[in-house]
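Engineer: any chance you can model this:
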Amino acid sequence: GCETLWMPGTDHAGIATQNVVEKQLAKEGKKRQDIGREAFLERLWDWKKEYGDTIIRQLKKLGSSCDWSRTRFTMDDDYSDAVREVFVRLYEKGLIYRGEYIINWCPRCHTALSDIEVEHEDRDGNLWHLRYPLEDGSGEVIVATTRPETMLGDTAVAVHPEDERYKDLVGKNVELPVLGRKIPIIADAYVEREFGSGAVKITPGHDPNDYEMGLRHELPMISVMKEDGTMSEEAGEYAGMTREDCRAALVERFAGDATLVETENHAHKVGTCYRCHNVVEPMLSVQWFVGVEKDMAPEALRAVEDGRTRFVPAHWEKTYR
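Structural biologist: Below you'll find the predicted structure:
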């Protein structure tokens, strides 16, 4: 029942726009790297001038009662200045800080993706069972993995604390195949005893669940891939290979030296980029964070509890909390 200002604004949709312009360049037989950064930015702005106001024109055609004189674009100079000003103020108050975290990284788009931007596809794959010999020579642990290439970044093997098969091995070390790194056997309730052999490799630098386990057990976090999806120097002799070629080479090697015990067919969900549909790589990255626990979150929750903020439909309140 109140008079309301509907203020229209458009988003720069940077990566989506980049993809559109890259497709235009591909028709000309070029890549963005061929024309250089400045020329590519110029092409992006040209596309924005030609097509960027389509949404506004559509809203007008629908008869939307916006105040068109106030239309804003996310990259307007004064808008960008305001964002920078607020960012710095929050930083100076200690509410914004930097830290390492595991993100969804698209090696093709070279951008981080939020969880909702990752599309999960059912794919047929394999589950490889690998021997990790005990450091003291008294035996081995069989580890099952769908991603042999990430084992080069393993910093532990985990078992369930109530798994009788492994209770005497917790605290011992195994030797990581290929690299020979000594890594501990740890106990963590997150491990599913029924999956594979019940012993899982822990790669905190390339799996979000392993990352959380790495924090709990204070494990080293190693990145064995670079931003373009090729293996890093941490991958030893496999540095420079694509992740796919590295996987194939490791499986072939393990089959030859008896590290590979068994290969199972295994259907599982694979995260892909919603823009280019390449496989997303969980990867460690330095990110900006907003510290919400002290002041922001409690105040935002109070607004719901005392009725100032109301969710329609009501079930979204649970998600918000």
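Engineer: and stretch 263-270, what's buried?
Structural biologist: By neighbour count with 16 or more other C-beta atoms under 10 Å, stretch 263-270 contains no buried residues. To be clear about C-beta, it is placed using only N, CA and C from the backbone, and glycine gets the same treatment.
Engineer: residues making contact with it?
Structural biologist: 120-129, 146, 251, 279 (C-beta atoms under 8 Å, 6 or more residues apart in numbering).
Engineer: equivalent analysis for stretch 241-253, please.
Structural biologist: 128, 147-149, 151-152, 178, 225, 229-231, 235, 238, 259-260, 263, 281.
Engineer: among the contacts of stretch 263-270, which are in helices?
Structural biologist: Using DSSP state H, the members of those that fall within helices are residue 251.
Engineer: for the stretch 201-321 of the chain, which segments are assigned as helices?
Structural biologist: With DSSP state H, counting those that start in this stretch, the ranges of helices along the stretch 201-321 of the chain come out as 208-217, 243-257, 296-305, 316-320.
Engineer: who wins for proximity to residue 275 among those helices?
Structural biologist: Proximity to residue 275 (C-beta to C-beta) singles out helix 243-257 among those, at 19.2 Å.
Engineer: please save the CA atoms from that closest one in CSV.
Structural biologist: C-alpha atoms of helix 243-257 as CSV (Å, rounded to 0.1, in the frame of the first residue of the first chain):
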residue,chain,number,x,y,z
ARG,A,243,45.0,-33.3,-15.3
GLU,A,244,43.5,-35.8,-17.8
ASP,A,245,46.9,-36.8,-19.1
CYS,A,246,48.3,-37.1,-15.6
ARG,A,247,45.4,-39.4,-14.6
ALA,A,248,46.0,-41.6,-17.6
ALA,A,249,49.8,-41.7,-17.0
LEU,A,250,49.4,-42.6,-13.3
VAL,A,251,46.9,-45.3,-13.9
GLU,A,252,49.2,-46.9,-16.5
ARG,A,253,52.1,-46.6,-14.1
PHE,A,254,50.2,-48.1,-11.2
ALA,A,255,48.9,-51.0,-13.3
GLY,A,256,52.6,-51.8,-14.2
ASP,A,257,54.1,-51.6,-10.7
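Engineer: and it, what's buried?
Structural biologist: For helix 243-257, the neighbour count (16+ other C-beta under 10 Å) marks 243, 246, 247, 249, 250, 251, 254 as buried.
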